[in-house]
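Student: coords below, sequence missing:
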């Protein structure tokens, strides 16, 4: 196999690709381009500019609240939502495993208390 040209890596050469001359890959040739709808491709540059996980964490909280309102008895869905929220917060603060477990326990307790308040036993 011929040696790749100066800015083309061996993997790119095998796949018949070349690096884009710009820092950001073109959406039309990007790795995930085929998986994105046109609307998503339009949003991608804006999404690349967002730093941190604050918006994602806020979205998870809103969705978790909506899920609780719409399906208060679906504990499996609730636990998956809590798990995602804990993982996102842990990633944001780079919490240790013990801290993540403590946070998950605290959130679970809050959810139990909300459930008791919404559905008091007779």
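Tutor: Received, thanks. Remember, it's a predicted structure, so these values are computed and weren't measured experimentally.

Student: go ahead and flag the most central residue of the protein.
Tutor: With distances taken as CA atoms, centre = their mean, residue 56 lies nearest the centre of the chain, 6.7 Å away.

Student: distance of that one from residue 46?
Tutor: Taken as CB to CB, to the nearest Å, the spacing of residue 56 relative to residue 46 amounts to 14 Å. (C-beta placed from N, C-alpha, C; glycine too.)

Student: and what of residue 55?
Tutor: Counting by CB to CB, the separation of residue 55 from residue 46 is 11 Å.

Student: with residue 109 instead?
Tutor: Here the distance between residue 109 and residue 46 works out to 37 Å (CB to CB).

Student: between residue 55 and residue 46, who's got more neighbours?
Tutor: With other CB atoms under 10 Å as the criterion, residue 55 and residue 46 differ in neighbour count, and residue 55 comes out ahead with 11 against 8.

Student: before we move on, back to that, what helix or strand does the residue nearest to the centre of the chain sit in?
Tutor: helix 54-70 (DSSP states H and E).

Student: quick check: buried residues in that helix?
Tutor: In terms of neighbour count (16 or more other CB atoms under 10 Å), helix 54-70 has its buried residues at 57, 60, 64, 68.

Student: residue contacts, the closest residue to the second one other than its chain neighbours?
Tutor: Looking back up the chat, that one is residue 60. In space, residue 60 comes closest to residue 85 once its chain neighbours are excluded; the distance is 4.8 Å by CB to CB, 6 or more residues apart in numbering. Taking CB atoms under 8 Å, 6 or more residues apart in numbering as the definition of contact, the neighbours of residue 85 are 57, 60-61, 64, 107.
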